[in-house]
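> Quick one, what's the 3D model for this:
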Amino acid sequence: MKIAVVPGSFDPVTLGHLDIIKRASNVFDLVYISILANKGKQHPLFTIPERMELLRRVTKDIDNVVVDTFDGLLVDYAREKKANAIVKGLRAVTDFEYELQMAHINRKLAPDIETMFMMTRGKYSYLSSSIVKEVASYKADISDLVPKEIMPDIYSKLNSNKED
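Got it, this is the predicted structure:
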């Protein structure tokens, strides 16, 4: 069985993320969408349980996808899930430089787990969760940026954070 891990913070999940997830699900028998409990991200918009719920909602029609979370080394998590590969989406050369470093260290730590890069479709090459949050914070249209079923969650969360 070919198993992959698609890691990320997914705060929130974008159409670019969803594109990579769908494409990975066509290549692998089982895909773990794995939310990293990233200590480096100081002020996430959504909690990890909320992100898991959003991801489950937008992937409900993809039978071979499991939403999960992890803390620690990605390769340790991948081993635990018996994954053959880690799939990373790349938007631009700047993503590649960082991800190449990570792929090399992951290869050193776990030579049996491949890192595979998928290029984001051109129409999503500018897209990031940070951009989504910025645009949505001004109540601008994000319908071309995120799955439509989670748009209300994003606007609601941003409005409730302004009231705090």
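
> show me where this protein has strands.
Remark: strands assigned in the chain by DSSP state E are 3-8, 30-36, 65-70, 85-90, 114-119.

> Quick one: mean pLDDT over the last one.
Per-residue pLDDT over strand 114-119 has a mean of 96.

> Just the C-alpha atoms of it, please, in CSV.
Taking Å, rounded to 0.1, in the frame of the first residue of the first chain, the C-alpha atoms of strand 114-119 are listed here in CSV:
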residue,chain,number,x,y,z
GLU,A,114,10.7,9.8,-0.1
THR,A,115,9.9,13.5,-0.4
MET,A,116,7.8,14.3,-3.4
PHE,A,117,7.2,17.8,-4.7
MET,A,118,4.0,18.8,-6.5
MET,A,119,4.0,22.1,-8.3
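
> I would like the residues contacting that strand, please.
Identification of contacts with strand 114-119 by CB atoms under 8 Å, 6 or more residues apart in numbering yields 4, 20, 23-24, 84-90, 96, 99, 102-103, 106-107. No exception for glycine: its C-beta is placed from N, CA and C like everyone else's.
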